[in-house]
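**Q** Provided below for reference: sequence and predicted model.
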Amino acid sequence: MNYLVREITENLLNKLQSNKVVIVYGARRVGKTMLVKKILEKVNEPVLRLNGEDINVHDKLAIRTIENYRQLLGSYKFLFIDEAQKIPDIGVKLKLMIDEIEGLKIIISGSSSFDINREAGEPLTGRKYTFNLYALSEREYSQIEDRISKTDKLRERLVLGNYPELLHLPDKKDKIEYLNEMVSSYLLKDILVYENIKNSQTIFNLLRLIAFQLGKEVSLQELGQQLSISKNTVEKYLDLLSKVYILHKVEGFSRNLRKEITKSSRWYFLDNGIRNAVIANFNPIESRNDIGQLWENYMISERIKYQEYKRISSNNYFWRTYEQQEIDWVEERDGTLFGYELKWKESKVKIPTQWKNAYPDSSFEVVNINNFENWLEIKY
C-alpha cells in the first residue's frame with residue numbers, strides 16, 4: 001500500500017518543541033491521524049497517545065490539576081491527542097500542562113477549526129503552532145506519478161477528487177460509493193453535532209446551490225430565498241462549512257476603481273470529489289459541460305494547499321468589474337499583485353484592459369493543463 005509523504009511533514013517536525021503545542025487541522029479522512037503516526041515514528045522517543053473520542057480519556061483529563069497530569073504522563077515527555085476538539089476545555093488543560101511540565105511536547109489533531117479554536121485558541125496564545133492538512137496534492141502525487149501518467153490521473157481527480165483512501169480502492173464504482181458515504185455520514189458531522197443543527201437537508205441543499213455556482217458571485221439574499229431561510233442563517237452555514245474544510249471563501253479585490261465588484265464573494269469546494277458527490281455527477285470530463293468550473297475549482301484548491309505547505313503569506317481574491325472584465329484568482333504578496341486566469345485548455349487570453357490600466361505593476365498569467373505544474377512548482 002502506497003503512503004505518500006505529506007508536504008507538511010518537515011515543517012511540522014521542526015515545530016515539535018518543548019513546551020509548545022502543534023495543532024493539525026483538517027477535514028475528516030484527509031489523513032491527519034496517519035500523518036501524525038508517521039511523524040511520531042521519526043521522533044524516536046516514547047509517546048503517550050490519547051483519543052478524544054474515548055470517554056475514558058475525558059475522565060482522565062477531567063481533574064484539572066498539575067499533579068493529575070503529572071501522574072497521567074508519568075515518564076512521557078511527548079503527548080499526542082487525536083480528535084482533541086471532543087475533550088471539554090481542552091485549551092486550558094493543555095495550557096496547564098505546557099506551562100507547568102518542563103520539556104513536554106504536545107501534538108493534537110482535529111477535524112474542524114471552529115471546535116479547537118473555541119476550546120483551545122485563546123488559552124494557547126503564544127504556545128502553539130497551527131497547520132492545515134488537506135486531501136492529497138498534485139505535488140504529493142508526483143512521488144508515484146510521472147508526467148506521462150499524471151495527465152490521465154489528473155482527469156480522474158478533476159471528477160473524483162483527492163481523498164487519500166481513493167488510492168487504495170480498486171475501481172470507480174468503489175470510489176463513488178466512498179465519496180457518497182463521506183458526504184452523507186462524515187463531512188457535516190461536526191456542524192450537526194456541535195452547532196445543534198437538526199435540519200441537515202438545508203445544509204445539503206445549500207451545498208448543491210454553491211456547487212452549481214463555482215466561479216460566480218454568490219448572493220446570500222438569493223440563496224436564503226431559495227432555501228426559505230434568512231440571509232444571516234445562510235451566512236452562518238457558509239461560515240461553518242468553511243470551518244469544517246468543505247468550502248473556501250474568496251472575496252472580490254479592489255484598490256482603485258469604483259466599478260470593481262467587492263461586496264460579493266465566491267465559494268469553492270476544497271475537494272472536487274465532494275463537489276461532484278453533492279450534485280451526484282461523476283461523469284468523465286469528456287461528457288461534461290462544467291469542465292471549466294471543475295478546472296477552476298481544482299486549481300484554486302491546489303493553490304491553497306501550495307500556499308499552506310510552503311507557508312506563503314498571501315491575500316487571495318477574484319477580480320471583476322461591472323463591465324464583465326475579470327480575473328479568476330488574484331494574489332497580493334509583499335505589496336505586489338499577481339493575476340491568474342484559470343483555463344482548462346491552452347488559449348490566448350489577453351490581460352483585461354481595466355486591470356492593466358489600474359494596476360500596471362502587476363503580473364498576469366494563464367494557468368492551463370499544459371503549464372499548471374510550473375504554477376504549483378511540481379517536480380518529478
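**A** Looks like it came in fine.

**Q** now the strands for the stretch 1-150 of the chain?
**A** Secondary structure of the stretch 1-150 of the chain (DSSP state E, counting those that start in this stretch): strands located at 20-26, 48-51, 78-82, 105-110, 128-133.

**Q** CSV for those, including distance to Ile203 and mean neighbour count?
**A** (Each C-beta comes from the backbone N, C-alpha and C, glycine too.) Formatted as CSV, the strands of the stretch 1-150 of the chain follow (distance: least, Cβ to Cβ, whole Å; neighbours: other Cβ atoms under 10 Å):
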stretch, distance to Ile203, mean neighbour count
strand 20-26, 20, 24
strand 48-51, 27, 16
strand 78-82, 26, 22
strand 105-110, 20, 24
strand 128-133, 22, 19
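
**Q** and of the ones you listed, who's closest to Thr151?
**A** strand 128-133 (26.2 Å; Cβ to Cβ).

**Q** only alpha carbons, please: show the closest one as PDB.
**A** Output in PDB follows, covering the C-alpha atoms of strand 128-133 (Å, rounded to 0.1, in the frame of the first residue of the first chain):
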ATOM      1  CA  LYS A 128       1.000  26.800  19.700                       C
ATOM      2  CA  TYR A 129       1.800  26.300  16.000                       C
ATOM      3  CA  THR A 130      -1.100  25.500  13.700                       C
ATOM      4  CA  PHE A 131      -1.100  23.600  10.400                       C
ATOM      5  CA  ASN A 132      -3.900  22.800   7.900                       C
ATOM      6  CA  LEU A 133      -3.900  19.400   6.200                       C
END
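
**Q** that strand packs against which elements?
**A** strand 20-26 (3 or more Cβ pairs under 8 Å, 6 or more residues apart in numbering; DSSP states H and E).

**Q** give the residue spans of this structure that score low on pLDDT.
**A** 1-2, 112-122, 190, 193-199, 256-258, 260-262 (pLDDT under 70).

**Q** scan it for its longest helix.
**A** Secondary structure assigned by DSSP state H gives helix 291-310 as the longest helix of the chain.

**Q** list the buried ones in that helix?
**A** Residues 291-309 are the ones in helix 291-310 that count as buried (16 or more other Cβ atoms under 10 Å).

**Q** what does it rub up against?
**A** 7-8, 11, 131-132, 134, 137-139, 157-159, 214-215, 248, 250, 268-272, 275, 285, 288, 312, 314, 316, 328-329, 342-344, 367, 369, 372, 375-377 (Cβ atoms under 8 Å, 6 or more residues apart in numbering).

**Q** report the distance from that helix to the chain centre.
**A** 10 Å (Cα atoms, centre = their mean, to the nearest Å).

**Q** and Trp267, what is it in contact with?
**A** Ile210, Gln213, Leu214, Val218, Leu238, Leu247, His248, Lys249, Val250.

**Q** rewinding a little: CA-only coordinates of the longest helix of the chain, as CSV, when you get a sec.
**A** Presented in CSV, the C-alpha positions along helix 291-310 are these (Å, rounded to 0.1, in the frame of the first residue of the first chain):
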residue,chain,number,x,y,z
ILE,A,291,-15.1,21.3,-17.1
GLY,A,292,-14.2,24.9,-16.8
GLN,A,293,-15.7,25.1,-13.4
LEU,A,294,-14.0,21.8,-12.3
TRP,A,295,-10.6,23.1,-13.5
GLU,A,296,-11.0,26.4,-11.8
ASN,A,297,-12.1,24.8,-8.5
TYR,A,298,-9.3,22.2,-8.7
MET,A,299,-6.6,24.7,-9.4
ILE,A,300,-7.7,27.0,-6.6
SER,A,301,-7.8,24.2,-4.1
GLU,A,302,-4.3,23.1,-5.2
ARG,A,303,-3.0,26.7,-4.9
ILE,A,304,-4.4,26.9,-1.4
LYS,A,305,-2.5,23.7,-0.5
TYR,A,306,0.6,25.0,-2.1
GLN,A,307,0.5,28.3,-0.1
GLU,A,308,-0.2,26.5,3.2
TYR,A,309,2.5,23.9,2.8
LYS,A,310,5.1,26.4,1.6
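
**Q** that helix vs strand 128-133, what angle?
**A** Note on geometry: by axes from the mean of the first three to the mean of the last three Cα atoms, to 10 degrees, helix 291-310 and strand 128-133 are set 150 degrees apart in direction.

**Q** what about the contacts of helix 291-310, which are in helices?
**A** Filtering those for helices - DSSP H - leaves Asn11, Glu138, Arg139, Arg157, Leu158, Val159, Asn272, Arg275, Phe372, Trp375.

**Q** and which of those is nearest to Glu83?
**A** Asn11 (22.2 Å).

**Q** nearest residue to that closest one in space, please, no chain neighbours.
**A** Arg311 (6.6 Å; Cβ to Cβ, 6 or more residues apart in numbering).

**Q** for the residue located most distally from the centre of the chain, give its distance to Leu187.
**A** If you look at how far each residue of the chain sits from its centre, by Cα atoms, centre = their mean, the farthest one is Glu67, at 37.9 Å. Noted for Glu67: a distance of 40 Å to Leu187, by Cβ to Cβ, to the nearest Å.

**Q** one more: Asn357?
**A** Where Leu187 is concerned, Asn357 sits at a distance of 43 Å (Cβ to Cβ).

**Q** more neighbours: these two, which one.
**A** Leu187 (24 against 10; other Cβ atoms under 10 Å).

**Q** ok, now how distant is the more buried one from Ala135?
**A** Distance from Leu187 to Ala135, by Cβ to Cβ: 12 Å.

**Q** between these two, which contacts overlap?
**A** What both Leu187 and Ala135 touch, as defined by Cβ under 8 Å, 6+ apart, is the set Ala27.

**Q** skip the chain neighbours and tell me the closest residue to Gln226.
**A** Per Cβ to Cβ, 6+ apart, closest to Gln226 is Leu209, 6.4 Å.
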